[in-house]
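Enquirer: Compute the structure for the input listed below.
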Amino acid sequence: MDVIELEGVIDPTTADYLSDELESAARAGSGLVVIQLDTPGGLEVSMREMVGQILNSPVPVAVWVGPQGARAASAGVFLVYASHVAAMSPATNLGAAHPVNLGGELAGAQEEKAVNDAAALLRSIAERRGRPTDFAEEAVRESVSLTAEEAKDRGVIEIVSPSITDLLAQLDGRTVETETGAVTLVTQAGEGRPVQIRNHSMGLIRRTLHAVTSPTAALLLLTLGFWAIVFELFQPGFGLAGIGGAVALVLAFYALAVLPINLAGLILVLLGLLFFAIDVVTAGLGVFTIGGALGFGLGSFMLFAGVSPEIRVSPWLISFLVLGSVLFFAFAMTAALKARARQSMTGQEGLVGLVGDARAPLDPEGHVWVKGALWKARAMNGPIAEGSRVRVRRVDGLLLLVQEEKGEA
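Expert: Got it, this is the predicted structure:
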């Protein structure tokens, strides 16, 4: 028997993961797959793919909304309805499947079409599994939500169970209809002992992709990645900030490619960040700072307008990112560049001949500590190990050209 954990937003990564696990269970001859579900909902295309996988699975699939405090909202309702056996833990809830659009609020004919389509799909699943269609209509059209006990009383689920172990005890001997015919579940090995359980969870790469595929993570990665890239561009050489920023931006744009977004909101966010970067060049608090704050803030609110409240970007986080961008670009970066420029212009001759420490391997570039400051440096005569003493031989703008100091400083 296999237990698959599905937690968080329903997205393409989740759909691929479920597909692989169901295929693996079928090849291994598993007698049952239990999906441990906790989701606020997600993308319709991924939800439909997962529903199809469950409906067509030759292995019986039980969906258990758990543990306590979990929920199956929006797309999660469809997964529960599609299961061969539906179960919930106490203190969980099921419902509120009204269609939402991450790209903006649905309205008028567009909303009516989406609602009718979702209601028809959930009704057809309910009829196939012998579950009530009245709640299917209410969940989609009126955003109704049920507790575990209410769901069982209305026949939406079959079992209320506080744990996987208890769920298996209640499932033993139950007969379900699969694509290959009737299957009697054997979930006890004898004397009340459950059969061997194989627990499955996403690997590191899938966990990473799944984690970033949320509005909050996407906005954070986009902002922090841009900060890091701008910082690196205004420093000589290329270091950890540039690498980290590039990785963050790649992950951010992956998430934005997966999530339906408001294009106008994305343009405003990028325009706001660009204005902040121009602030660094102009070296002052002015019109570009104001434009950056307005563009970034307004774009952040618009970027995922219409998303369900459970996964909506917090207004407090947006405010923090706007304020952080102002402080970072208009003050910290500007002050740092001014100080470096003054030191570069007035102290170049004084730096030549000084001795410092290599704070990172120079192969050929890295960082050195000279005269109370951290500088980008390039080794002139071969790699220099971290911690070695170095002597400044030349200064090229903000880049120090150094040699390893073999003797006593």
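Enquirer: In space, what's closest to residue 170 - neighbours in sequence excluded?
Expert: Using CB to CB, 6 or more residues apart in numbering and skipping the chain neighbours, the partner closest in space to residue 170 is residue 159 (5.2 Å). To be clear about C-beta, it is placed using only N, CA and C from the backbone, and glycine gets the same treatment.
Enquirer: Surely that neighbour is in contact with residue 83?
Expert: No. Checked against CB atoms under 8 Å, the pair residue 159 and residue 83 is beyond contact range at 10.9 Å.
Enquirer: mind listing the strands in the stretch 1-150 of the chain by residue range?
Expert: Assigned by DSSP state E, counting those that start in this stretch, the strands in the stretch 1-150 of the chain fall at 2-7, 33-38, 61-65, 71-73, 85-88, 93-95, 145-147.
Enquirer: Kindly report the same for the stretch 301-409 of the chain.
Expert: Using DSSP E, counting those that start in this stretch, strands in the stretch 301-409 of the chain cover 355-358, 365-370, 373-379, 389-396, 399-404.
Enquirer: Mean neighbour count and mean pLDDT added to these, as TSV?
Expert: Below are the strands of the stretch 301-409 of the chain laid out as TSV (neighbours: other CB atoms under 10 Å; pLDDT from 0 to 100):
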stretch	mean neighbour count	mean pLDDT
strand 355-358	19	90
strand 365-370	20	88
strand 373-379	20	86
strand 389-396	17	89
strand 399-404	20	89
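Enquirer: Can you check which of these gets nearest to residue 286?
Expert: strand 373-379 (28.0 Å; CB to CB).
Enquirer: So what are the sheet partners of that closest one and their directions?
Expert: Paired with strand 373-379 in the same sheet, following DSSP bridges, are strand 365-370 (antiparallel), strand 399-404 (parallel).
Enquirer: Now that we have the ones you listed, can you turn them into a markdown table and tack on distance to residue 79?
Expert: Converted to a markdown table, those look like this (distance: least, CB to CB, whole Å):
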| stretch | distance to residue 79 |
| --- | --- |
| strand 365-370 | 51 |
| strand 399-404 | 56 |
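Enquirer: among the ones you listed, which is nearest residue 10?
Expert: That would be strand 365-370 among those, by CB to CB, at 43.8 Å.
Enquirer: chain center to that closest one, what's the gap?
Expert: Centroid separation for strand 365-370 versus its chain: 35 Å, with CA atoms, centre = their mean, to the nearest Å.
Enquirer: Next, the angle strand 389-396 makes with it.
Expert: 110 degrees (axes from the mean of the first three to the mean of the last three CA atoms, to 10 degrees).
Enquirer: can you start the count at 3 instead of 1 from here on
Expert: All set: I'll call the first residue 3, so the last point we hit is now strand 367-372.
Enquirer: Please write out the alpha-carbon positions of strand 367-372 in PDB.
Expert: C-alpha atoms of strand 367-372 as PDB (Å, rounded to 0.1, in the frame of the first residue of the first chain):
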ATOM      1  CA  GLU A 367      39.000  36.800  -9.200                       C
ATOM      2  CA  GLY A 368      37.700  36.900  -5.600                       C
ATOM      3  CA  HIS A 369      37.500  39.200  -2.600                       C
ATOM      4  CA  VAL A 370      40.300  40.700  -0.500                       C
ATOM      5  CA  TRP A 371      40.300  42.700   2.700                       C
ATOM      6  CA  VAL A 372      42.500  45.800   2.300                       C
END
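Enquirer: hang on, the earlier thing: how much space between the residue nearest to residue 172 and residue 251?
Expert: Separation of residue 161 from residue 251 (CB to CB, to the nearest Å) stands at 46 Å.
Enquirer: next one: residue 38
Expert: 33 Å.
Enquirer: more crowded one of the two?
Expert: Legend: neighbour count by other CB atoms under 10 Å for residue 38 and residue 251, higher for residue 38 (22 against 17).
Enquirer: Tell me the pLDDT of that one.
Expert: pLDDT, residue 38: 96.
Enquirer: before we move on, what about residue 351?
Expert: So, for residue 351, pLDDT stands at 59.
Enquirer: Also residue 198?
Expert: For residue 198, the pLDDT comes out at 81.
Enquirer: And for it, the neighbour number?
Expert: Counted with other CB under 10 Å, residue 198 comes out at 8.
Enquirer: residues in contact with the nearest residue to it once chain neighbours are set aside?
Expert: Leaving aside its sequence neighbours, residue 198 sits nearest to residue 3 (CB to CB, 6+ apart; 6.9 Å). Going by CB atoms under 8 Å, 6 or more residues apart in numbering, residue 3 touches 32, 33, 34, 35, 36, 170, 189, 196, 197, 198, 199, 200.
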